[in-house]
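>>> what follows is a predicted structure for the sequence shown.
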Amino acid sequence: MAEFGASPGAGGPPVAGCRKAASGAAGASPETRRGEPVSNGNCSAPDAVKRLQKQPSCESPAGESAPSDSASKGIPRRSSLIKDGSRAGRDRKKTVSFSCSLSEKKISSAADCIHSMVEGSELKKIRPNSRVYQRYYMLDTGLQALCWEPSKKESDKARISLASMREVRTGRNTETFRTSGVYEQISEDCAFSIIYGDVYENLDLVANSAEVANIWVTGLRYLMQYGKHALDMLASSQDSLRLCWLEQLFSSAADSDGQEGVEEGIRLQSAVRLIQGVNPGVGRGKVERRFKELQRVRERMCGLTIDNGSGVKDHIETKGPLGTNERVTKQEFFEVFHDFCTRPEIYFLLVQFSSNKEFLDTKDLMRFLEAEQGMTHVSEDTSLKLIQSHEPSEEGQQQGYLSLDGFTSYLTSAECHLFDEEHNAVCQDMSQPLSHYYINSSHNTYLIEDQFKGPSDISGYIRALKMGCRCVEVDVWDGPDEEPVVCTGHTLSPPLALRCVLEAIGRFAFVASEYPLIICIENHCSPGQQKKLWQHLTGVLGEKLYANPPDEGDPYLPSPHALRHRILLKAKKLGPSPDGGDGEVSEEDEGAEMCQRVKAANSGGAPPGGSEKDMLRKGVTQSNPPHPPSKLQLLKDLSDLVTLCCSVGFIDFPTSSKSQKPWELCSFHESLAVRLAGESPGDFVNHNKHFLSRVYPSPMRIDSSNMNPQDLWKCGCQIVSMNFQTAGLMMELNTAWFRQNGNCGYVLRPAIMRQEVSYFSADTRDTVPGVSPQLLHVKVISGQNLPKPRGSGAKGDVVDPYVYVEIHGIPADCTERRTRTVTQNGDNPIFDESFEFQINLPELAMVRFMVLDDDYIGDEFIGQYTISLECLQPGYRHVPLQTLTGEELAHAKLFVHVALTNRRGGGKPHKRGLSVRKARKGRDYTALRDLGVRAVDEVFRTVAPLLREATDLRENMQNSVAVFRELCGVSAVANLMQCVLALSSRVSGPDGTPLLLFDLRDQYPTLEPQGPLPDVLRRVVSTYEMMVQASREVIELSDGIYERILHVQTMAMEFHEKLPSLAAKDGLKGRKVSRALESFSWNITILKGQADLLKRAKAEVQENMKQVHDAALTGNLPKGSVGVTRVRSQTLRGQDDKPATSAGGPSA
């Protein structure tokens, strides 16, 4: 089914391609009529069996049956660390995908869709009163009308003539659907509507699966365009781009085999190689078995006689299994090629954009790239270059046509990867203070297994640095022969020579990134070996070490850009002293608590039959708190090497705010950091605006498991130390997060966490003030080449996959949804399920796709892919699946559609279609808070009318766009280019001329009637005019309101420094002063956020008008198009550019 209301067409008019006769077009399968031509849309669904009537429902409307679990109830959250993918306590019922049970006959072309429609299928009819009727729908044998039964109407009235049909619309995109009480229970992908008659009546239907809906939409559209002669046209369609190309492939293989002609066939090995060249994910054994099965079927059905396509029937002998020297006929090759190299979901997508052709021309492709893929500056030359790169047939390249195989090649190429390649390079501002970035950090980098007795190795440093790590740990202890060693004290892990560790760090420090590397040194050495430590640091690292003292007047650290190719030391530093010599500091020993607990466990002894892990758990619960830190004599020369990252102890946030310097860094135990995040989330965020914070794992993590980094990132903690040697969800999140900025090890934190005066609470479970929520639409379409889970043998090679889509971010955003299970299909399972997620802080959100094998014993992990929301590319994309360790699974992918839009809708389901039309008095306005400080409150009160006016401008514009989108019959995810393109297909009058045209000469294109209009089109025109008027007001008024809001913000900021004294003057004390400061930050955040939203609304209007302009040209709807050119619209992808701040520090 086409994604999010985009409507697929049908395949099959006369096809461009070879003009010569194609002998032996395709081997007819046992289910296919002998001699039937093979079109470019021959998309055989693998092993499709069972009848349409046996399909599980995609929806459960009220009055029919109870809603399915996946539709009505959320899936409970799982534990944060999943290594084996097992799930306990599952109460769900297994479901079967349509891809495994379509019908007895394969649906491989528009002709098959029409034949299936003649046979008929059960569909649910939705009425305006929310009643649901189950009916059996079919095409009459003359292909002139749609009929249904049973019906209270007379038989001649229980039908709709194809001639009266004006449009077949996909999705829940009519007023009947939107106002239906069962709206939320109906799958978007299973719904479609038939618009018919002079007054544009609509028949709203729901199929039992997305694939059944696809059959009806494709077949009806084909018949609407070509009429009752559609099948005759299909029958005469003997040629295709694919057929021509396959003949060339087969002939070339025959020549390579030394055959004089193609009648004898080609060697099996050559045939398998050709198929694997197009679909490298299919196994050789599977292809060979398919050839063997095909030969056996032909022997049974044809009496040991096979038609080789030349018109001569050759008698063959009964043979055993095919060997590598056995021959494959042209028919056999064509049929097996169709089985393994045709993807139905891509075929339906192609015919949607090809206007019922079996190929995309340059204009079709251009429309797809702009409207769906979000590409900018697209021209027909762009399309032609893409065709030259991906179209396999010479005929297609010469004529500028992209066939199904070429389209598949494009969609599976790197160009259609889900990850935006722009993020493969550094793409963020690197001139901000160091404290404004998340920093990729490793914990106990020298350990490569557990924390207590596992091995140590230099490879730990090399691997981490190659992965973009910018903060490594070196725990230094006294070693033999007066040479310091690197190890965790009091454990069984073997030590490493310090010099070897530093040499490895020096060699690989800047292999993956040029930005500064932080070495966290935990010094436990005696003064004598500290001298050696200093010598090795200066001798090995040399000029790379940054030893310049900080400027006392600087409120912030230098930027990563200013510190390129420099190494910073994080360690203890001596305070000022009269003699300027060596001194005493408190010793850092992060491993002491772990060692103490292990000793406690050992002293207690292990119970009979108990494991060492059980003993360690016992020690964790019974051990005493760690002793206070001991003192360490620190060498002054060593202390002088520490400049920008001086370790200090954390007392509390007020103390840090008063006395901590920007170059001083606090290290937090994981448990303490999580407690502070829960008790004082706002204070933690404000602390991290100025100072670096480092969080290291709990000593309970003896197995080197990882904490969830997002629990600390949401508080602004920059350095969250991870055990790089441990694979799993947490490490996947860390790796994916730092990919968004060229994997350089630094990611700019969200603007709301950097601004000097802003309000953000890390534990928010609602919208974030000043940030516009986004709606992420994800459709999981299909999977390809999903392997059997590693170590799984219970089911043989059978895979029953399903997909989880998870959102990770602030608490308000964390959620997950799952698809149904597709049974016994890992080659090309079709899911066709759509999900929506509201993202309240897009800058901190991540998306994770996880594929599991459904098994009653325990669901097993197949693959996963994790990506930052900032890196998502919109449109139809392929997702390369990875193992838990981040290695790519060869040829295993998911096919998805992704879109990011403004949050719209809301309210009760039965009012969903009207909820975007809120009156002003029912609109929610963002409220400012009273501080209790008279002078400041008076300033903030002056801006309240401006905020209401700004909200009205934005909401009026966005609501008018939403209403226009509804009348165009597209889903909420569609942009205005898709709206106008959808409109262009339904405005033709009786004589074929358009009833509506756009005048593009003005900045705001006008929609002009070209004669009398039916009511529905009159509503479209009036709604469009309302949208243009609302858009015009945004353009004309937004700048003035924006400047006035910023002026009030500037006036309010003049009170910032003296706010405590003003509060005291007005009689505020204690907690009331703290609340006044918090309310001030809240108000400033609201002012800046509302100003930014208004600025983005203006940019949105400008983009909308460009899209209308370009879509009118593409849809052939311009009035007087002489001299009118494209304006190169670009599809908005969610949030605009983030607010920038100067290198000297953030502004309010």
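Yep, that arrived. Here the structure is a predicted model, which means the values were calculated and not measured.
>>> for this structure, longest strand please?
The single longest strand within the chain, with elements called by DSSP state E, is strand 888-902.
>>> need the contact partners of the next helix or strand after that one.
Next helix or strand after strand 888-902 toward the C-terminus (DSSP states H and E): helix 934-941. With contact meaning CB atoms under 8 Å, 6 or more residues apart in numbering, helix 934-941 is reached by 928, 930-931, 1048, 1051-1052, 1055, 1059, 1062, 1066, 1080, 1083. Where C-beta positions appear, they are placed from N, C-alpha and C, glycine not excepted.
>>> a markdown table please, covering those residues and showing neighbour count.
Output for the contacts of helix 934-941, formatted as a markdown table (neighbours: other CB atoms under 10 Å):
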| residue | neighbour count |
| --- | --- |
| L928 | 18 |
| D930 | 14 |
| L931 | 26 |
| V1048 | 20 |
| M1051 | 14 |
| A1052 | 21 |
| F1055 | 16 |
| L1059 | 19 |
| L1062 | 17 |
| D1066 | 16 |
| F1080 | 23 |
| N1083 | 26 |
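>>> now, the most widely separated pair of these?
The largest distance within the contacts of helix 934-941, taken as CB to CB, falls between V1048 and D1066 and amounts to 20.4 Å.
>>> name the helices or strands packed onto the longest strand of the chain?
Applying 3 or more CB pairs under 8 Å, 6 or more residues apart in numbering; DSSP states H and E, one finds that strand 888-902 contacts strand 774-784, strand 846-853, strand 860-868, strand 875-882.
>>> in it, which residues are buried?
For strand 888-902, burial by neighbour count (16 or more other CB atoms under 10 Å) applies to 889, 891-902.
>>> from the chain's centroid, how far away is it?
Relative to the centre of its chain, strand 888-902 is centred 6 Å away, using CA atoms, centre = their mean, to the nearest Å.
>>> run the angle between it and strand 860-868 for me.
50 degrees (axes from the mean of the first three to the mean of the last three CA atoms, to 10 degrees).
>>> what lines up beside strand 888-902 in the sheet?
Partner strands for strand 888-902, per DSSP bridges, with pairing direction: strand 774-784 (antiparallel), strand 875-882 (antiparallel).
>>> quick one, what contacts A736?
If you count contacts by CB under 8 Å, 6+ apart, A736 has them with 846, 848, 866-868.
>>> CSV for the residues you listed, including neighbour count and distance to R1001?
Putting the contacts of A736 into CSV (neighbours: other CB atoms under 10 Å; distance: CB to CB, whole Å) gives the following:
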residue, neighbour count, distance to R1001
M846, 21, 46
R848, 18, 49
T866, 22, 48
I867, 22, 43
S868, 25, 42
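>>> among those, which pair sits farthest apart?
R848 and S868 (10.6 Å).
>>> picking up where we left off before, please identify the most buried of the strands paired with strand 888-902.
Mean neighbours per residue, mean count of other CB atoms under 10 Å, is largest over the strands paired with strand 888-902 for strand 774-784, with a mean of 23.
>>> picking that back up, what is the nearest of the buried residues of strand 888-902 to R284?
Distances from R284 to the buried residues of strand 888-902, taken by CB to CB, are shortest for H891, at 13.2 Å.
>>> please name every helix or strand in contact with the longest helix along the chain.
Across the chain, the longest stretch assigned as helix under DSSP state H is helix 1071-1114. Applying 3+ CB pairs under 8 Å, 6+ apart, one finds that helix 1071-1114 contacts helix 362-371, helix 944-967, helix 976-984, strand 996-999, helix 1015-1053, helix 1059-1065.
>>> can you rerun that using 7 Å?
helix 944-967, helix 976-984, helix 1015-1053, helix 1059-1065 (3 or more CB pairs under 7 Å, 6 or more residues apart in numbering; DSSP states H and E).
>>> report the buried residues of the shortest one.
What that stands for is helix 1059-1065. Neighbour count says helix 1059-1065 has 1059, 1062-1063 buried, by 16+ other CB under 10 Å.
>>> for the longest one, same thing?
Within helix 1015-1053, the residues that qualify as buried are 1016-1017, 1020-1021, 1023-1024, 1026-1028, 1030-1031, 1034-1035, 1037-1038, 1041-1042, 1044-1045, 1048-1049, 1052-1053, counting by 16+ other CB under 10 Å.
>>> got the phi/psi numbers for P555?
phi -80, psi -10 (degrees, to the nearest 10).
>>> re the thing from before, which of the strands paired with strand 888-902 sits closest to L634?
strand 875-882 (44.8 Å).
>>> quick check: mean pLDDT of the closest one?
Mean pLDDT, taken over the full extent of strand 875-882, equals 95.
>>> ok, and what's touching it?
349, 372-374, 411-412, 416-418, 849, 851, 863-865, 888-889, 892-898 (CB atoms under 7 Å, 6 or more residues apart in numbering).
>>> tell me where the model's unsure across the stretch 401-550 of the chain.
Within the stretch 401-550 of the chain, no stretch has pLDDT under 70.
>>> again but with the stretch 151-300 of the chain, I slipped
Under the criterion pLDDT under 70, the flagged ranges of the stretch 151-300 of the chain are 153, 155, 233-239, 257-262.
>>> quick one: the strands in it?
Assigned strands in the stretch 151-300 of the chain, in chain order: 159-161, 165-170, 191-196, 201-206, 266-267 (criterion: DSSP state E, counting those that start in this stretch).
>>> mind putting those strands into CSV with mean neighbour count?
CSV is the format used below for these (neighbours: other CB under 10 Å):
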stretch, mean neighbour count
strand 159-161, 16
strand 165-170, 22
strand 191-196, 24
strand 201-206, 21
strand 266-267, 23
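>>> distance to F653 added to the ones you listed, as a markdown table?
Formatted as a markdown table, the strands of the stretch 151-300 of the chain follow (distance: least, CB to CB, whole Å):
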| stretch | distance to F653 |
| --- | --- |
| strand 159-161 | 70 |
| strand 165-170 | 54 |
| strand 191-196 | 53 |
| strand 201-206 | 56 |
| strand 266-267 | 76 |
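>>> I'd like the helices and strands packed on strand 888-902 written out as JSON lines, with distance to M753 added.
Converted to JSON lines, those look like this (distance: least, CB to CB, whole Å):
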{"stretch": "strand 774-784", "distance to M753": "18"}
{"stretch": "strand 846-853", "distance to M753": "16"}
{"stretch": "strand 860-868", "distance to M753": "16"}
{"stretch": "strand 875-882", "distance to M753": "29"}
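>>> to V1073, which of these lies closest?
Of all those, strand 774-784 comes closest under CB to CB, at 35.9 Å.
>>> show the subsequent helix or strand relative to the closest one.
Next along from strand 774-784, by DSSP H and E: strand 801-808.
>>> which other helices and strands contact that next one?
strand 774-784, strand 815-818, strand 830-839, strand 846-853.
>>> nearest to P527, of the ones you listed?
P527 lies closest, by CB to CB, to one member of the helices and strands packed on strand 801-808: strand 846-853, at 46.9 Å.
>>> which helices and strands sit right next to the closest one?
Using 3+ CB pairs under 7 Å, 6+ apart, strand 846-853 sits against helix 729-738, strand 801-808, strand 860-868.
>>> so C427: helix, strand or coil?
Taken by DSSP: H, G, I helix; E, B strand; the rest coil, the conformation at C427 corresponds to coil.
>>> before we move on, back to that, any chance of the helices and strands packed on strand 801-808 in CSV, plus mean pLDDT?
What follows is those, written out as CSV (pLDDT from 0 to 100):
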stretch, mean pLDDT
strand 774-784, 94
strand 815-818, 94
strand 830-839, 92
strand 846-853, 95
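>>> okay, the ones you listed in CSV with distance to E394 next?
Converted to CSV, the helices and strands packed on strand 801-808 look like this (distance: least, CB to CB, whole Å):
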stretch, distance to E394
strand 774-784, 27
strand 815-818, 45
strand 830-839, 32
strand 846-853, 37
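>>> picking up where we left off before, of all the helices and strands packed on strand 888-902, which one is nearest V757?
strand 774-784 (24.6 Å).
>>> roughly how far is the closest one from the heart of the chain?
Using CA atoms, centre = their mean, the offset of strand 774-784 from its chain centre is 7 Å.
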